[in-house]
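A.B. asks: sharing a model that was predicted from the sequence below.
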Amino acid sequence: MEAAEIIEYLRDRDLTITLTDGDSLELSPAEKITNDLIERLRKHKPAIIAVLKLEQREQNQKIEMIRAWLYRIGEPIEDHDIVLNKCRNAPGAMTYFLKHANGVGAGRFFGCFELSTAPSPNFHTHKKGIS
């Protein structure tokens, strides 16, 4: 099983794998972790870390594209973190705002919601594991 397949396997089973301190992996919830799983992670740890770092870089690039778009459209700076945090935690929000950042959509943040997955102006961010 390749590193990307292991990560997908974990996520499909609602396990959260997180890269901490650059070279450490954190897995939760603890009650779903087996000895076999720990051994598999140890065996593929360098490759898993490489995949997670790549995912982080890709997400950071997307976040920066959205941040640049928010500046371009004149969105108040105090609203940027609201949008960016939502994008970090909700794949649907990331997709929605990337569409606009890439010029597919138009409008200001609170006036441009056309997708059902888009957050409302009164949304609250909730972490739901790794997306």
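C.D. replies: Alright, I've got the coordinates. Not measured: the values here are computed from a predicted model. Numbers count the residues shown, from 1 in each chain.
A.B. asks: ok, now how distant is residue 44 from residue 101?
C.D. replies: Taking CB to CB, to the nearest Å as the measure, residue 44 falls 34 Å from residue 101. Every residue, glycine included, has its C-beta placed from N, CA and C.
A.B. asks: the two - which one has more neighbours?
C.D. replies: residue 101 (21 against 18; other CB atoms under 10 Å).
A.B. asks: can you map out the strands along the chain?
C.D. replies: Residue ranges of the strands in the chain, as given by DSSP state E, are 16-20, 24-28.
A.B. asks: of the ones you listed, which is nearest residue 88?
C.D. replies: Closest of these to residue 88 is strand 16-20, at 13.0 Å (criterion: CB to CB).
A.B. asks: dump the residue contacts of residue 7.
C.D. replies: Neighbour list for residue 7: 17, 48, 51-52 [criterion: CB atoms under 8 Å, 6 or more residues apart in numbering].
A.B. asks: out of those, which is nearest to residue 9?
C.D. replies: Taking CB to CB as the measure, residue 9 sits nearest to residue 17 out of these, at 10.0 Å.
A.B. asks: next one: that closest one, what pLDDT does it get?
C.D. replies: What the model reports as pLDDT for residue 17 is 93.
A.B. asks: give the contact list for it.
C.D. replies: 7, 10-11, 25-27, 48, 52, 130.
A.B. asks: for the residue positioned nearest the centre of the chain, what are its contacts?
C.D. replies: In the chain, the residue lying closest to the centroid (CA atoms, centre = their mean) is residue 88, at 4.3 Å. By CB under 8 Å, 6+ apart, residue 88 lies in contact with 59, 63, 94.
A.B. asks: now restrict the residues you listed to buried residues only.
C.D. replies: Buried subset of those (neighbour count, 16 or more other CB atoms under 10 Å): 63, 94.
A.B. asks: which of the contacts of residue 88 fall in helices?
C.D. replies: 59, 63, 94 (DSSP state H).
A.B. asks: low-confidence ranges in the chain?
C.D. replies: 1, 104-131 (pLDDT under 70).
A.B. asks: surely residue 66 meets residue 101?
C.D. replies: Yes - counting by CB atoms under 8 Å, residue 66 touches residue 101, with 4.9 Å between them.
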